[in-house]
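One predicted model, sequence on top.
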Amino acid sequence: MTKRTLSNSDRRHPGHPASVAGSSLANQARLKLAVRGIVQGVGFRPFVYRLAQELALTGWVKNSPQGVFVEVEGPPSHLEEFRSRLKTENPSASRIHGLQESWLEPLGFDRFEIRESETQGDKSVLVLPDLATCPDCLRDLFDPGNRRHRYPFTNCTHCGPRFSIIETLPYDRANTAMKQFEMCPDCLAEYHNPRDRRFHAQPNACPVCGPRLEFWLEESSKQCPVAGAALQAAVDAIRQGKIVAVKGIGGFHLMADARNASAVRTLRNRKQREEKPFALLYPSLARLKMDCAVSPLEEKWLLSVEAPIVLLARLANPGSEITPEVAPGNPCLGVMLPSNPLHHLLMAELGFPVVATSGNLSDEPICIDEREALVRLRNIADAFLVYNRPIVRHMDDSILRVVLGREILTRRARGFAPLPVMLGDFLPPDTKQSVLALGAHLKNAVALAVGHQAFISQHIGDLETAEAELAFQRVAADLPRLYEAPPQIVVSDLHPDYLSTKYAGKIAKKMGEIGENDADPGCSLQTKIGVQHHLAHVLSVIAEQNVALPVVGIAWDGTGYGIDGTIWGGEFFCVNGQGAERIARLRPFRLPGGDAAVREPRRAALGLLFELYGEKIFERVDLAPVAAFNPHELAMVRSMLKRGLNAPLTSSIGRLFDAVAALIGLRQHMHFEGQAAMELEFISACTNTDAAYELRLRGPEDARLGKGGMVLDWQPLVEAVLADLQAGVARPEVSAKFHNALVQAAIAVARRVGELRVAISGGCFQNGCLLEKLVAGLRTEGFEPYWHQQVPCNDGGIALGQIYAATRQIELK
């Protein structure tokens, strides 16, 4: 690169060397840089070292809890080039979010060096997620002449474990799970060689000094400790139709031959997962393309360093080897490619796709420890492929799909967590407030805001078991500890019975006691805040997309606690700088059986029908949801609805989806959350119609519909569905007209309010058909729609919305 001389404009820069008088070193200057962002664990210091050497600069570089600090000396033109190339040639996995510079008098450094890391000060450096195996390490892995040939823990500064092994900051080997593995002379030489890509690679290891692989049967005494033999034993077991628990980067996967119906059925029975689709791990992109349609953007994500599960459309391939047991009745497959050396080796030997599902029982967190796995997975797995490097924190596979030409995360974990969302410009520049948000009850994730950054945890899951509750508490304690940022504000959902809400109370009490006793002056909890569930949904997308207020917010999901004590889920808000107001909702109806109605769409359907037709509906055995009950069950439901007992009111669009699915005979019982809505989405793709039912928008003056804003009245919609069923209209057309009705109703509300910007959130918008139609419709009407990408629209994004509510002081009026 051509060196350039100082221009007059350069000399006008405050503190530039040209303005530093009396320098003791002629024609020399010193440039001090503080680099913030994703700059640790990505080879940033080695990059700085090599760049300084190339430009013949002296000085030093070191890690700190805030990022990377650099001081370089040399001719001013060389320093200008250094500063420029630092921002344009930095490692591909790094991200520079801030660069502070100072021009100083030179000190006379005689060389450039990497110094020991600092450990003091506020911790604001971005912890990197785990990164998929890079091309260079992949070549090493399969090169017979390489000393890491077939070594399942190969890594370098461009790839390998990060967040899953970090114990504390800064990111140095002594602060990771690798501290117990002392490097051999060869690895140590690489580690200290600035020209090597393993220069300061903290997880660096080889077969001589690093973690080792073992194969265990159910009885831990029957082990195969030789790495090559262990891998082959696992391959043989999978080929024989066995289920093998394989320890990955962030926890265990349960693996089985995806071609073997008996093996997959056995896995379903043992894991207690009747119909929910399993994810597949393919040996190669070429093999994957034999079963799925892959767009360029989907291919990019499959091959990315994040390496998520990507939801793809199945090809109409009658010769596909994938057993229907993998994803019963589902036109899509969740697929991924190997993301770590062990997976690469395993899949290279197998040569066919395998089921790779989380190593847990349903509703439990993923196993991360081999001894724990022997206990928790003993009734599921036939064998275990394990290693002796500890996993510090669990990390599920992330899941995304491409909709509207963009990626949409539905589960945020490996590859993405704990990267932050920047909280925009509404906070003072010097704010250091720490806010801990505890998320929701389902699909839980927590978040920690430190200043302008909101660090979102990995997916934790549904808080339905004791194991899940413990995992939640560990993660809720982990983020403040990692960043040494005790919360000043703790935020939770309003639901009084949620585990996360109760835990917020415990934190507040504990922090209050500490504050009273002055046991820890750093713990300065100022307040505990509750944020309404659906408002948090809307605020989450506003925060992620940095949307300017005012905004119309749409929050559609299955369940959320409303401020009136009913179950919300079909909500519209107007959000501005003064707060938020609920401006419209779905007309409420009853859910006989409460939680049972969440699992049984037939109950939601009867709640709707009873509202319209009263007790006469129980005589309509020609209707699918009525016929789905036996006489005893029907009598109980009738009593609940008639007396209003154990039949809470809901305004949930998610439950409306369930009711329509039951009315058309598509699904009366669900085996996993959202199953009925998914099936409605699938069949709607079988037809192309612009026709729509009417979801009538009524004003608050209609006394039948209650007070408090506009109401979407589903009565004409339900009546039209019943008429179409009577006329023999096919299910796909009914589903398409239902989707179109929802879209038209949402646009009608936005039109009535008149605000330009519309924020879309909630679990219902995992439905790609619904989201695409709504975004297209809003744009046609001149609105600016915003929706999630890097944060889930489901309850996994709630914590970010809670943080926004607390930091922006947004309350529901």
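Cool, the structure landed. Numbers count the residues shown, from 1 in each chain.

What ranges does the stretch 1-150 of the chain have for its helices?
Using DSSP state H, counting those that start in this stretch, the helices of the stretch 1-150 of the chain run over residues 8-11, 44-54, 76-88, 135-141.

what distance separates the start and the end of stretch 596-604?
Using CA to CA, to the nearest Å, the end-to-end distance of stretch 596-604 comes out at 10 Å.

Next, the buried residues of it.
For stretch 596-604, a neighbour-count test (16 or more other CB atoms under 10 Å) marks 597, 598, 600, 601, 602, 603, 604 as buried. (C-beta placed from N, C-alpha, C; glycine too.)

mind checking how far the third one is from residue 734?
As judged by CB to CB, to the nearest Å, residue 600 and residue 734 stand 20 Å apart.

One more: the first one?
Note on residue 597: its distance to residue 734, by CB to CB, is 21 Å.

can I get the helices of the stretch 1-150 of the chain in TSV with mean pLDDT and distance to residue 292?
Shown next, in TSV, are these (pLDDT from 0 to 100; distance: least, CB to CB, whole Å):
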stretch	mean pLDDT	distance to residue 292
helix 8-11	34	54
helix 44-54	91	36
helix 76-88	94	36
helix 135-141	97	22
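
With distance to residue 65 and mean neighbour count as added columns, please give those in CSV.
Shown next, in CSV, are these (distance: least, CB to CB, whole Å; neighbours: other CB atoms under 10 Å):
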stretch, distance to residue 65, mean neighbour count
helix 8-11, 32, 10
helix 44-54, 15, 21
helix 76-88, 20, 17
helix 135-141, 28, 16
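
Output the ones you listed in JSON lines; the columns should cover distance to residue 356.
As requested, these are exported to JSON lines (distance: least, CB to CB, whole Å):
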{"stretch": "helix 8-11", "distance to residue 356": "55"}
{"stretch": "helix 44-54", "distance to residue 356": "32"}
{"stretch": "helix 76-88", "distance to residue 356": "38"}
{"stretch": "helix 135-141", "distance to residue 356": "19"}
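
and residue 407, that one's in a strand?
Yes. Looking at residue 407 with DSSP: H, G, I helix; E, B strand; the rest coil, it is inside a strand.

Quick check: which of the helices of the stretch 1-150 of the chain is nearest to residue 466?
helix 135-141 (39.1 Å; CB to CB).

Give me the helices and strands touching that closest one, please.
helix 341-350 (3 or more CB pairs under 8 Å, 6 or more residues apart in numbering; DSSP states H and E).

Flag every buried residue along the helix it packs on.
Those would be 341, 342, 343, 344, 345, 346, 347, 350, for helix 341-350 by 16+ other CB under 10 Å.

Over to stretch 193-211?
194, 196-207, 210-211.

Which one of the buried residues of stretch 596-604 is nearest to residue 116?
residue 598 (55.3 Å).

And the closest one, how close does it get to residue 625?
15 Å.

got any ranges where the stretch 701-813 of the chain has weak pLDDT?
Counting by pLDDT under 70, the ranges of the stretch 701-813 of the chain that qualify are 701-708.

go on, the chain?
Short version for the chain, where the test is pLDDT under 70: 1-25, 120-125, 219-227, 425-426, 511-526, 700-708.

quick one: contacts for the most centrally placed residue in it?
Nearest to the geometric centre of the chain sits residue 412, at 1.1 Å (CA atoms, centre = their mean). With contact set as CB atoms under 8 Å, 6 or more residues apart in numbering, residue 412 has these partners: 398, 445, 456, 458, 459, 790, 791, 792, 796.

In CSV, list these along with distance to residue 180, neighbour count and secondary structure.
Formatted as CSV, those follow (distance: CB to CB, whole Å; neighbours: other CB atoms under 10 Å; DSSP: H, G, I helix; E, B strand; the rest coil):
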residue, distance to residue 180, neighbour count, secondary structure
398, 28, 25, coil
445, 30, 29, coil
456, 30, 30, strand
458, 23, 28, coil
459, 28, 28, coil
790, 34, 18, coil
791, 35, 27, coil
792, 35, 27, coil
796, 33, 29, helix
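
Can you tell me which of these is closest to residue 484?
residue 456 (18.3 Å).

which non-adjacent residue is nearest that closest one?
residue 447 (4.6 Å; CB to CB, 6 or more residues apart in numbering).

Specify the beta-bridge partners of the one you found.
residue 437, residue 456 (DSSP bridges).

what about it, neighbour count?
When neighbours are counted by other CB atoms under 10 Å, residue 447 registers 29.

I figured it was touching residue 437, is that so?
Yes. With contact defined as CB atoms under 8 Å, residue 447 counts as touching residue 437 (4.6 Å).

what's the overlap in contacts for those two?
799, 800, 802, 803.

Please name the residues that touch the third one.
What it means is residue 802. So residue 802 contacts 437, 438, 439, 447, 491, 492, 493, 529, 531, 536, 539 (CB under 8 Å, 6+ apart).

Can you tell me which of the residues you listed has the most neighbours?
Result: residue 437 is most packed of the contacts of residue 802 (other CB under 10 Å), 34 neighbours.

I'd say that residue and residue 804 touch.
No. Using CB under 8 Å, residue 437 is not in contact with residue 804; the gap is 9.1 Å.

so the closest residue to residue 354 other than its chain neighbours bridges to which residues?
Closest residue in space to residue 354, ignoring its immediate chain neighbours: residue 255 at 4.8 Å, by CB to CB, 6+ apart. Taking DSSP bridges as the rule, residue 255 bridges to residue 244, residue 356.

separation between residue 255 and residue 160?
21 Å.

neighbour count winner among the two?
When neighbours are counted by other CB under 10 Å, residue 255 and residue 160 differ, and residue 255 comes out ahead with 30 against 27.

ok, now which ones touch the more buried one?
238, 243, 244, 245, 246, 281, 346, 354, 355, 356.

coming back round to it: could you dump the contacts of residue 412 to JSON lines with distance to residue 369?
Converted to JSON lines, these look like this (distance: CB to CB, whole Å):
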{"residue": "398", "distance to residue 369": "22"}
{"residue": "445", "distance to residue 369": "22"}
{"residue": "456", "distance to residue 369": "24"}
{"residue": "458", "distance to residue 369": "16"}
{"residue": "459", "distance to residue 369": "19"}
{"residue": "790", "distance to residue 369": "30"}
{"residue": "791", "distance to residue 369": "29"}
{"residue": "792", "distance to residue 369": "27"}
{"residue": "796", "distance to residue 369": "24"}
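
Closest one of those residues to residue 79?
Nearest to residue 79 among the contacts of residue 412, with distances taken as CB to CB, is residue 790, at 35.4 Å.

Might one say that that closest one is in contact with residue 409?
Yes. Contact criterion CB under 8 Å: residue 790 and residue 409 qualify, at 5.9 Å.

any shared contact partners between these two?
With CB under 8 Å, 6+ apart as the test, residue 790 and residue 409 both reach residue 416.

Quick one: distance of stretch 268-287 to the chain centre.
Offset of stretch 268-287 from its chain centre (CA atoms, centre = their mean, to the nearest Å): 19 Å.

residue ranges of the strands in the stretch 1-150 of the chain, please?
29-38, 58-64, 67-74, 95-104, 112-114 (DSSP state E, counting those that start in this stretch).

most packed of those?
strand 67-74 (a mean of 24; mean count of other CB atoms under 10 Å).

Which strands and helices lie in contact with that one?
Strand 67-74 packs on strand 29-38, helix 44-54, strand 58-64, helix 76-88, going by 3+ CB pairs under 8 Å, 6+ apart.
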